[in-house]
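Peer 1: kindly generate the corresponding structure for this input.
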Amino acid sequence: MGTQLAVLEQAGPKTKWHPSSLCAPELAPLQVHVTERGVLFGGDCLDILPLIRDAAIDTVFADPPFNLSKKYGAGVNDDLPETDYVEWCKLWLNHCRRVLKPGGSLFVYNLPKWNVIIGNHLSEQGMLFRHWIAVSVKLSLPLPGRLYPSHYSLLYFTKGKPKTFRRVRTPILTCRHCGGEIRDYGGHRDAMNPKGWSRRPREEDSRAQRRTRRSGRDWIGRSEPPRRLIATGFP
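Peer 2: Have a look, this model is predicted:
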């Protein structure tokens, strides 16, 4: 099974440092695209992750195949026995934990069925559970014999106490004509933070690598179907 790997670095003054320095030289033959701020590898995450330096990454985002028997092309088997799929997940999860810095964050996007098992494994490995983020999914597809799932899940774990946690706030909505507030928030407006309400975390199809390149960050990527694993590090 394949997944996509990217290591991202915070934008800043240009220096001689390059994200590829986080990786062993053995990865050089897998490079398929290189810029002054990053490098893209073509290969399996289980070939790439072992060659990334220990405790070098601040954030890992994993969006693996869901084992739903989808056709992703040659070299990808999305129809594994359940025990094999879980063991495969544990392999790359262990590497994700290894490459994270103390206080680093790990996000795993998957079906609740799998994230229940993944979350238990991460807890056993000493990772700190932070949140289970529900991602609303309402496609009204017919699923005979069981309830239709209303959400996918995004697990949020940290390697010990989180190094960074920013609460994003959205300003209170006001009428463009009179300037009055549009909602009373259930009568609790007076108790709310004057800076606005806390945004509910949610997953969006963001084309993460493309957006990261546009942001000016340094990056290392692994590009091959079906899904992605993104790791961000700040030296």
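
Peer 1: so residue 129 sits in a strand?
Peer 2: Yes - assignment of residue 129 by DSSP: H, G, I helix; E, B strand; the rest coil places it within a strand.

Peer 1: longest single helix anywhere in this protein?
Peer 2: Longest helix of the chain, by residue count under DSSP state H: helix 82-99.

Peer 1: wait, residue 79 touches residue 71, no?
Peer 2: No - Residue 79 is beyond contact range of residue 71, at 9.5 Å (criterion: Cβ atoms under 8 Å). All C-beta atoms are positioned from the backbone trio N, CA, C, and that covers glycine.

Peer 1: which residues are in contact with residue 173?
Peer 2: 181-183 (Cβ atoms under 8 Å, 6 or more residues apart in numbering).

Peer 1: one more: residue 85?
Peer 2: With Cβ under 8 Å, 6+ apart, residue 85 has these contacts: 67, 114.

Peer 1: gap between it and residue 137?
Peer 2: 20 Å (Cβ to Cβ, to the nearest Å).

Peer 1: pLDDT at the spatially most central residue of the chain, what is it?
Peer 2: Centrality entry for the chain: nearest residue to the mean C-alpha point is residue 61, 2.0 Å, by Cα atoms, centre = their mean. The score at residue 61 is 90. That number is its pLDDT.

Peer 1: rewinding a little: closest one of the contacts of residue 173 to residue 113?
Peer 2: residue 183 (35.8 Å; Cβ to Cβ).

Peer 1: residue 86 touches residue 120, doesn't it?
Peer 2: No - counting by Cβ under 8 Å, residue 86 does not reach residue 120; the two are 10.3 Å apart.

Peer 1: who's more crowded, these two?
Peer 2: Higher neighbour count among residue 86 and residue 120: residue 86, with 15 against 11, using other Cβ atoms under 10 Å.

Peer 1: is the residue nearest to the centre of the chain in a helix, a strand, or coil?
Peer 2: strand.

Peer 1: quick one: contacts for the residue sitting furthest away from the middle of the chain?
Peer 2: Farthest-out residue of the chain from its mean C-alpha position, per Cα atoms, centre = their mean: residue 178, at 41.0 Å. The contact partners of residue 178, by Cβ under 8 Å, 6+ apart, come to none.

Peer 1: per-residue confidence for it?
Peer 2: 90.

Peer 1: repeat for residue 219
Peer 2: 63.

Peer 1: ok, now the one 4 residues further on?
Peer 2: Here the pLDDT value assigned to residue 223 is 54.

Peer 1: show me what contacts the closest residue to residue 52 other than its chain neighbours?
Peer 2: Spatial nearest neighbour of residue 52, chain neighbours left out: residue 99 (4.9 Å); criterion: Cβ to Cβ, 6 or more residues apart in numbering. Counting by Cβ under 8 Å, 6+ apart, residue 99 makes contact with 49, 52-57, 60, 231.
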